[in-house]
Structure formats: structure tokens, C-alpha cells
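> Sequence first, then the predicted structure:
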Amino acid sequence: LQQLHDQVEGDQSLRSFQVDVRDTSVLSQIVKGSDCVISCVPSELNPELAELCLDVGVHYCDLGGNDSLVEQQLALHEQAREKSVWIVPNCGLAPGLANVLCLHGIDQLDRAEAAHLRVGDVPLHQDPPFNFRISWSAERILADYTNPARLIEEGQVVKADALSREEEIQFEEPFGTMEAFCTQGGLSTLTDTLAGHVEALDHKTIRWPGHAHQMRFVIGLGLAEDRKIGVQTHLTYRDLLVRRMRKCLGGDYEDVVLLRVLLRGKQDGRPTTLIYEMIERYDTATQQTAMMRCTAIPTVIAALFLAREDAVASGGADVPENVIPRDAFLDAVADRGLNIQKEQHEGFREVTAKRPLDSQRA
């Protein structure tokens, strides 16, 4: 927080406050009169913060990711609509940008049959023995690795264990063969949106090979359990694991975000595959991580659309892919430097195959 304060100090258009986000009486005075609030706090605080913004009449968006908490926010739809206020969770990378790309691709097809989303943030170079670093919340990572994923198979919504259904997925060098596996939250409401409309839908997280096996071992030992270690401490095994992950896997590092969204269906009666792909690397000039930009840019774009009176009409509670015009959203993402490649092929292709060199920007 101090680093962020130092960055904005001297800019007359920006002010910083240090306040407990749970102190709603103080926070409401700060956000009152704003056009839009962007929440980057731990997800368990988002429902309360969304309600606060609704009470003071300010648009709200966040990074989402926790399905049950997002449901609480979406339940505010009627209240938000009556006040012409937008509550928009899931505005980051996945859920967020990846979901927008998915529906944008489906819009291009006469009939969509399958959608496969693959997204991950990894160290730019392998860093044994873990080949993994924390670019966001250790608690969120464990939640994603221990709660089931929701997906669509044969047209039906089903659940799959986290860290299951591993596959090898190919990217351009120097990445080559990576692994991808099921995790919670990447699809969020997209599963319900597309239920009955596609035969298959899934999201998998991309990592350097071997990570899923390592985490299954750690979790299998019970180190992610919400159970106290002993009677003489309030700490749980999960608390301890979070602390060790922060200490051993936290800190600054150079990273890369890998994203591939593949849609299969029919166009003009012919089998067709659409592929969106992004490889976003650490920016050495600004020292910004790829994850920072890939999370912040879509979220800021969503907030700017909500803040413009003529951009998004009415109000309510919904996710960005259903609120913000998708073409305009992706144009804004490209204008701010996220280079998403798009290509179309006759016939069906696999999401795990390396993308050919011929492409065009989305």
C-alpha cells in the first residue's frame, strides 16, 4: 500500500487513504460521489462492499472468482436496477477477459458446440523445485485447488475435482509443453449461461509441468484442512500452509500469462474452430508483472464503461460479459496493449495443440 501511495503522490487527480475496508461508515464517506468503485480486496469482503456501493449509489466492480460470493452479489440485481447502479463482479482475467472472449467467439459462429478455456500465470523461466510463484492471493489459490470445478459435458452441468483431468498443452518456445488441469472459479456464471447451448465447456489452469502432482501431494497430507493444529494454538493446517506459501513462493518475479480460448461449432454448415491466444510477458521497462496488467486492464476498462453514462444503460447486477459490449471491450483491451491473437480454421482443432503462426488480432 505504501508503494502504491508513493506512486500516486503528487498527482492532483489521485488521493490515497489508509482505512479498514470493514469500517463501512468511514469507507462510505470516501466512496460517496465516485463514479465507480473497483474492489481488489479479499473476495470474502466483496459482498459487503458491493452492498455499501449500492447504498451510496455508486457503480461497483471486482475481480470475483469465488462462485458462492458472486452469487450473493448477483442477488442484488433488482435493488441495483431500481437505483440504476451496476454491481459487476468477475472483471479480471479468468473469470473476466477469458469469459468475454468465449462469448465473443460464440457470437461469431452460427452454432457453437464446445468451448475450452485455458489460462495461467507462471514464472517466465522455470524455477525448480516448484516452478511456481504466487502472483495474487495464497488463500485464493488454495480455494481454487480444493473446491470442485463446474463444467459442461454432453450438455449437462457436472462437477470435477480440482487438480484433476490433467492434460499437456503446447505453446510456442520457450514454453513448449505445459500442463493444464481443472480448478474452481474460472468459468463462474459462464457454466449456467451456456448450459443447454453447448455440448462441452471447461476451464483449466496452466502451469509448468509437475505442479498438479506437487499440490495433490501437499493437499493429500491434510495441509489445506481448516482444522486446528493443536489445542495450544488457533492456527489451522491451512493457515500454516498459507503462511509458508507466502514466504517461500511470494515476492517479486518475472512472469508470463498464457491464455487460449478455443470454440468449436458450425459456420455456413461447415465444422469451424475459432482460437484466441495471448502470451503476455513481464514488462521490464515498467517492472509490471503480466498478471498485474492482465487483471487490471480488463477491470479498469469495465469500470470506465460503467462510469460513462452513455456506455451502459439501466443498472443491475451481472458479470461483464453480459453487461459491456464485447466488441468495444476487446477493442479497448487491445488499445491498452494486451495483444490477443485470433484465428479461424475449417475443421475441428484441439485446444492442446500449438497455435499456427498465421493469426490476426481480435
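That came through, no problem. Numbering: from 1, shown residues only.
> what are the phi and psi angles of the closest residue to residue 84 other than its chain neighbours?
Residue nearest to residue 84 in three dimensions, not counting chain neighbours: residue 315, with 4.0 Å by Cβ to Cβ, 6 or more residues apart in numbering. Quick note: C-beta positions are derived from backbone N, CA and C, even for glycine. Per-residue torsions, residue 315: phi 180, psi 180 (degrees, to the nearest 10).
> what number of residues lie near residue 315?
Residues contacting residue 315 under the criterion other Cβ atoms under 10 Å number 21.
> What are the buried residues along stretch 290-307?
Within stretch 290-307, the residues scored as buried using 16 or more other Cβ atoms under 10 Å are 290-303, 305-306.
> ugh, wrong one, stretch 25-33
Within stretch 25-33, the residues that count as buried by 16+ other Cβ under 10 Å are 27, 31.
> Spatially central, which residue of this structure would that be?
For the chain, the residue nearest the mean C-alpha position is residue 94 (2.3 Å; Cα atoms, centre = their mean).
> What ranges does the stretch 251-362 of the chain have for its strands?
For the stretch 251-362 of the chain, the strands defined by DSSP state E, counting those that start in this stretch occupy 255-267, 270-281, 316-317, 341-346, 360-361.
> Parallel or antiparallel, which strands does the third one pair with?
Taking DSSP bridges as the criterion, strand 316-317 forms sheet pairs with strand 86-88 (parallel).
> List the contacts of the strand it pairs with.
50, 53-54, 59-62, 73-74, 76-77, 80, 302, 306, 312, 315-320, 323 (Cβ atoms under 8 Å, 6 or more residues apart in numbering).
> thinking again about what came up before, OK, contacts around the residue nearest to the centre of the chain?
117, 119, 186, 203, 259 are the contacts of residue 94 under Cβ under 8 Å, 6+ apart.
> tell me the SS of it?
With DSSP: H, G, I helix; E, B strand; the rest coil as the basis, residue 94 sits in coil.
> still on that earlier bit, which of the contacts of strand 86-88 count as buried?
For these, buried by 16+ other Cβ under 10 Å: 50, 53-54, 59-62, 73-74, 76, 80, 302, 306, 312, 315-320, 323.
> So which of those belong to helices?
Among the buried ones among the contacts of strand 86-88, the members falling in helices (DSSP state H) are 50, 53, 54, 73, 74, 80, 302, 306, 320, 323.
> which one of those is nearest residue 198?
residue 320 (19.7 Å; Cβ to Cβ).
> Report the residue spans of this structure with pLDDT below the cut-off.
1, 5, 7-10, 12, 355-362 (pLDDT under 70).
> residues contacting the closest residue to residue 235 other than its chain neighbours?
What sits nearest to residue 235 in space, not counting adjacent residues and going by Cβ to Cβ, 6+ apart, is residue 229, at 5.5 Å. By Cβ under 8 Å, 6+ apart, residue 229 lies in contact with 235, 236, 237, 240.
> if we can go back for a sec, just curious, which of the contacts of residue 94 is nearest to residue 224?
residue 186 (18.8 Å).
> now the residue nearest to residue 84: how far from residue 209?
The spacing between residue 315 and residue 209, counted by Cβ to Cβ, to the nearest Å, is 46 Å.
> again, but for residue 216
Residue 216 is 14 Å from residue 209, by Cβ to Cβ.
> For the two, indicate the residue with more neighbours.
residue 216 (17 against 14).
> Residue 81 contacts residue 318, correct?
No: counting by Cβ atoms under 8 Å, residue 318 is not a contact partner of residue 81; they are 9.9 Å apart.
> re earlier: list only those of the contacts of residue 229 flagged as buried.
236, 237.
> how about the ones in helices among the buried ones among the contacts of strand 86-88 in TSV, adding distance to residue 335?
Output for these, formatted as TSV (distance: Cβ to Cβ, whole Å):
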residue	distance to residue 335
50	28
53	27
54	30
73	28
74	29
80	29
302	14
306	18
320	17
323	19
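> What is the nearest of these to residue 263?
Minimum distance to residue 263 across those is 18.4 Å, recorded for residue 320 (Cβ to Cβ).
> which ones are touching that closest one?
By Cβ under 8 Å, 6+ apart, the contact list for residue 320 reads 61, 88, 90, 91, 96, 99, 100, 298, 302, 329.
> just the helices in the stretch 101-250 of the chain please.
Assigned by DSSP state H, counting those that start in this stretch, the helices in the stretch 101-250 of the chain fall at 138-146, 190-194, 211-220, 237-249.
> Those into JSON lines, with extra columns for distance to residue 26?
As requested, the helices of the stretch 101-250 of the chain are exported to JSON lines (distance: least, Cβ to Cβ, whole Å):
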{"stretch": "helix 138-146", "distance to residue 26": "25"}
{"stretch": "helix 190-194", "distance to residue 26": "36"}
{"stretch": "helix 211-220", "distance to residue 26": "39"}
{"stretch": "helix 237-249", "distance to residue 26": "28"}
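> out of those helices, nearest to residue 159?
Closest among the helices of the stretch 101-250 of the chain, using Cβ to Cβ: helix 190-194, at 10.0 Å.
> residues near residue 21, how many?
A count of nearby residues for residue 21, using other Cβ under 10 Å, gives 15.
> Let me know the secondary structure of it.
Under three-state DSSP, residue 21 comes out as coil.
> you'd agree it is up against residue 45?
Yes: at 5.8 Å, residue 21 and residue 45 qualify as touching, with contact defined as Cβ under 8 Å.
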